[in-house]
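Chemist: Dropping the sequence and predicted coords here.
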Amino acid sequence: MAEMAWVLEGRLLVVANTEAPVPPEEWSTCVQDIAAHAKHHWALEPRILVFTEGGGPDAVQRKAVLEAVPQIRKAKGAVITNNLLVRGVATAFSWFTSGFRVFDPSALAEAVAWLGLHQSEESFAKLAMERVKLELGDDRTRSIPRAG
């Protein structure tokens, strides 16, 4: 069973992690997908919307994505979580990138507004959230609100 799911479109990446650590093979595939996509679509400031229940990349994995996808250093990201440890990790990640902020799941609208998404990107983000929630399961993605 997968521990993370992601969707890319234009300058936007939507990613979700369960409570479990990200297996190396999933992380490697994700980084490869992001790197290939970024070459063609991330000339402008990328936007990243992350939902996590506590799982996520470890220090080695974070270093790997920074090396493979240099554009990520100029990304603007919103991390949606209730997990205190993740809040600390996201803060540390922000030291090496231009702008990540952490939001409570109840503040999704504020997170999306902070990212400065265009209307079409907001629509895509909603569809992507439904897709990753479906892929990982409702009970494993509580930080993603239900559609409706």
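Modeler: Structure received. Numbering: from 1, shown residues only.
Chemist: can we go C-alpha only for contacts and neighbour counts from here?
Modeler: OK.
Chemist: Near E53, how many other residues are there?
Modeler: 20 (other Cα atoms under 10 Å).
Chemist: Against R131, how distant is it?
Modeler: Separation of E53 from R131 (Cα to Cα, to the nearest Å): 17 Å.
Chemist: And the helices in this structure, which stretches?
Modeler: For the chain, the helices defined by DSSP state H cover 24-41, 59-68, 84-94, 108-115, 119-136.
Chemist: Do me a favour and average the pLDDT over the second one.
Modeler: When pLDDT is averaged over helix 59-68, the result is 91.
Chemist: Mind listing what's buried along that helix?
Modeler: Within helix 59-68, the residues scored as buried using 16 or more other Cα atoms under 10 Å are Q61, V65, L66.
Chemist: Mind putting those into a markdown table with distance to V7?
Modeler: Shown next, in a markdown table, are those (distance: Cα to Cα, whole Å):
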| residue | distance to V7 |
| --- | --- |
| Q61 | 19 |
| V65 | 16 |
| L66 | 18 |
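Chemist: same for the helix or strand bottoming out on mean pLDDT in the chain, what does it pack against?
Modeler: Least confident helix or strand, the chain: helix 84-94 with a mean of 75, by mean pLDDT, DSSP states H and E. For helix 84-94, the contact count by 3 or more Cα pairs under 8 Å, 6 or more residues apart in numbering; DSSP states H and E identifies strand 99-103 as packing neighbours.
Chemist: Who does the strand it packs on pair with, and is each partner parallel or antiparallel?
Modeler: strand 76-80 (parallel) (DSSP bridges).
Chemist: can you list contacts of the partner strand?
Modeler: Residues from elsewhere that reach strand 76-80 (Cα atoms under 8 Å, 6 or more residues apart in numbering): 45-52, 90, 98-105, 108, 111-112, 114-115, 143.
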